[in-house]
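**Q** Pasting a predicted model and its sequence here:
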Amino acid sequence: MAHLKAINDLLRHNHFLDAQFKNVFDSFLSRGWYVLGSEVTAFEKEFAEYCGVNFAVGVADGTEALELALRAMQVGPGDKVALVANAGGYGTIALNSIGAIPVYVDVEIDTFNMDVQALSKAIDENDIRSIIVTHLYGRLANIDEITKIAALKNIKLIEDCAQAHGAILNGKKAGSWGDIASFSFYPTKNLGALGDGGALVCNNAETAKLVKQLRQYGWETKYCSTKPFGRNSRLDELQAAFLRVKLPYLDGWNLRRCAIAALYHQAIKHKDIKLSEYAKGCNVAHLYVVRTEYRDSLSKHLRDCGVPHDIHFPVPDHQQPMFADRFANLQLESTELLAKQVLTLPCFPEMTDDEVSWVCEIVNKWNR
């Protein structure tokens, strides 16, 4: 068995599209239009249609998308925003840039996603301006219930879909539930560019117009800024062209990711490992994450056997050193436990069944 090189081998993932990428690049060069041209416009239309919404706006990256979503929802300094603390810190970074206040909500231990009861408690105890709900590891959060809560309390709902391109529940895709949704096209995502990129999607025309202004200096017309807090956050024209090549393959890639997750779920049999709860359709298997109380031992075993793996994510947001002791009294039981236990195994569409079996065999041989 040839050893896997990465948990997400981008060389293998993108290789069969090389010829299409080269044609796109040649066409890009021949047009001589490099910023906010026809490729961005076309991708925005196609991605909005894919997500089942009216509008998509391409921006520089997924974190910028989150900040612009907050600004589009009129979140400002001192406003409180409910979010989880186990999703890599990107929502927190966006809040910090605005001066908004994070209200961290615990998660469900089995799904890794926002706990609805904990969210309700946070809303009862705080004046929450907005909710960022992250669909973590490819699995939709309990978005049906969270949408109802947000509507009942008149709270703006932002979906963080960076890891859930194409996930679907009750006929509605990730990004079509909230008031606005952010996406990342970082190369490792289910739909990844060949560099950084992001997008916001929504159904409201005024919201889409505002985001388009904010991504380009707050301009109403060229050189006339009418909106504060504008910046340069444009999706690159060339990355948009590459994303247009890849978008038609996304659903097929997601199906393969889910098939790999199912193989893992069937084949890993170890008393010290808790498997991810598998949910077909609403989970597009961005990452395959397991849990164990003995993570360091498992990690060493995998490393010694040449199995690539990672930890998503080892430090919860409220325990990040940048906050010092600001959240010293905050306890998020499930979030903190998961941070000590989660470990990510390889999962990407080009991974073969034999490679999955090889990983499972090594995992099952682990003797702590």
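**A** It's in.
**Q** From now on I want contacts and neighbour counts done on CA atoms only, so please keep to that.
**A** Noted.
**Q** Let me know the helix or strand that residue 240 is in.
**A** Assessed by DSSP states H and E, residue 240 sits inside helix 237-246.
**Q** could you say what helices and strands that helix packs with?
**A** Contacts defined by 3 or more Cα pairs under 8 Å, 6 or more residues apart in numbering; DSSP states H and E place helix 237-246 against helix 18-31, helix 38-51.
**Q** Let's have the ones you listed in TSV, adding mean neighbour count, distance to residue 109 and mean pLDDT.
**A** Below are the helices and strands packed on helix 237-246 laid out as TSV (neighbours: other Cα atoms under 10 Å; distance: least, Cα to Cα, whole Å; pLDDT from 0 to 100):
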stretch	mean neighbour count	distance to residue 109	mean pLDDT
helix 18-31	13	41	96
helix 38-51	19	28	98
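**Q** related to what we said a few turns ago, alpha carbons of the helix holding residue 240, as PDB, please.
**A** Taking C-alpha atoms only, helix 237-246 is exported to PDB below (Å, rounded to 0.1, in the frame of the first residue of the first chain):
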ATOM      1  CA  GLU A 237     -11.100  37.000 -11.300                       C
ATOM      2  CA  LEU A 238      -8.800  34.000 -12.000                       C
ATOM      3  CA  GLN A 239     -10.000  32.100  -8.900                       C
ATOM      4  CA  ALA A 240     -13.600  32.600  -9.900                       C
ATOM      5  CA  ALA A 241     -12.700  31.100 -13.300                       C
ATOM      6  CA  PHE A 242     -11.200  28.000 -11.600                       C
ATOM      7  CA  LEU A 243     -14.200  27.700  -9.200                       C
ATOM      8  CA  ARG A 244     -16.500  27.700 -12.300                       C
ATOM      9  CA  VAL A 245     -14.600  24.700 -13.600                       C
ATOM     10  CA  LYS A 246     -14.900  22.800 -10.300                       C
END
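**Q** Downstream of it, the next helix or strand is which one?
**A** Toward the C-terminus from helix 237-246 - assigned by DSSP H and E - lies helix 250-267.
**Q** Please identify the buried residues of that following helix?
**A** 250-251, 253-262, 264-265 (16 or more other Cα atoms under 10 Å).
**Q** Could you export the helices and strands packed on helix 237-246 as JSON lines, including distance to residue 348?
**A** Shown next, in JSON lines, are these (distance: least, Cα to Cα, whole Å):
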{"stretch": "helix 18-31", "distance to residue 348": "18"}
{"stretch": "helix 38-51", "distance to residue 348": "21"}
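**Q** how about low-confidence regions in the stretch 251-368 of the chain?
**A** Where the stretch 251-368 of the chain drops to pLDDT under 70, the residues are 278-280.
**Q** can you pull out the strands in it?
**A** Ranges of strands in the stretch 251-368 of the chain, per DSSP state E, counting those that start in this stretch, are 288-291, 342-345.
**Q** Contacts for stretch 7-21 next, please.
**A** 187-188, 242, 245, 308-310, 344-350 (Cα atoms under 8 Å, 6 or more residues apart in numbering).
**Q** again, 7 Å this time
**A** Residues outside stretch 7-21 that contact it (Cα atoms under 7 Å, 6 or more residues apart in numbering): 188, 242, 308-309, 345-348, 350.
**Q** Stretch 209-216 now?
**A** Residues external to stretch 209-216 that are found in contact with it (Cα under 7 Å, 6+ apart): 57, 59, 68, 72, 219-220, 227, 229-234.
**Q** Considering those, which possesses the most neighbours?
**A** residue 59 (30 neighbours; other Cα atoms under 10 Å).
**Q** ok, now which ones touch that residue?
**A** Contacts here follow Cα under 7 Å, 6+ apart; on that basis residue 59 touches 65, 197-199, 215, 233-235.
**Q** One more pass at 8 Å, please.
**A** Listed by Cα under 8 Å, 6+ apart, the contact set of residue 59 reads 65, 197-200, 215, 233-236.
**Q** which secondary structure element contains residue 187?
**A** Applying DSSP H and E, one finds residue 187 in no helix or strand.
**Q** Regarding the residue nearest to it when sequence neighbours are not counted, what is its secondary structure?
**A** Nearest in space to residue 187, with sequence neighbours left out and distances taken as Cα to Cα, 6 or more residues apart in numbering, is residue 193 at 5.0 Å. Using DSSP: H, G, I helix; E, B strand; the rest coil, the structure places residue 193 in coil.
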